[in-house]
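> Based on what follows, work out the 3D shape:
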Amino acid sequence: MKTIYYHGTKADLNIGDLIEVGFTSNYGTKRKSKYIYLTETLDAATWGAELAFGDGKERIYIVEPTGYIEDDPNVTDKKFPGNPTKSYRSKHPFKVVGEVTNWQSHSPEQLETMKNHLKKLKEMGIEAIED
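Modelled structure (predicted):
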């Protein structure tokens, strides 16, 4: 069975578009991205869409990696052995092959809790995305 990968964002993309490194990151300090991220879970992609910078519509795309992907070290470290969120990153483009149009947002309370957590990390000098 083929693995389905998702990418959550506020970017307006079309089928066939490539998501590539080098654009302003959706998170953190808004620097140019060295990696792009994808996940096997709708929940992680939902967080990606909800927490991305910008005023665009929250979107979840179905993507295909065009090269090597590795575990996302931002969520896979000594605190989270393995890769429980099934999140990955790559320096190779992802091709948009579809869009999930019917997905459930997190509750306003969950979203506020996550934003407060990210704010505290930032105040402590911890970058949400480590490239």
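
> so where is the protein shaky, pLDDT-wise?
Residue ranges of the chain with pLDDT under 70: 23-31, 76-80, 121, 124-131.

> which stretches of it form strands?
Using DSSP state E, the strands found in the chain span residues 5-9, 18-19, 36-39, 59-65, 70-71, 87-90, 94-100.

> Name the residues that touch the second one?
Contacting residues not belonging to strand 18-19 are listed as 7, 9, 11, 13, 36, 61, 63, 66, 93-96 [Cβ atoms under 8 Å, 6 or more residues apart in numbering]. Every C-beta, even on glycine, is put in place using the N, C-alpha and C of the backbone.

> In the protein, which residue is most central in space?
Closest residue to the average C-alpha location of the chain: G48 at 4.1 Å, with Cα atoms, centre = their mean.

> shouldn't that one be in contact with T9?
Yes: in this structure, G48 is within contact of T9 by Cβ atoms under 8 Å, at 6.4 Å.

> List only those of the contacts of strand 18-19 flagged as buried.
For the contacts of strand 18-19, a neighbour count by 16 or more other Cβ atoms under 10 Å gives the buried set as 7, 9, 11, 36, 61, 63, 93-94, 96.
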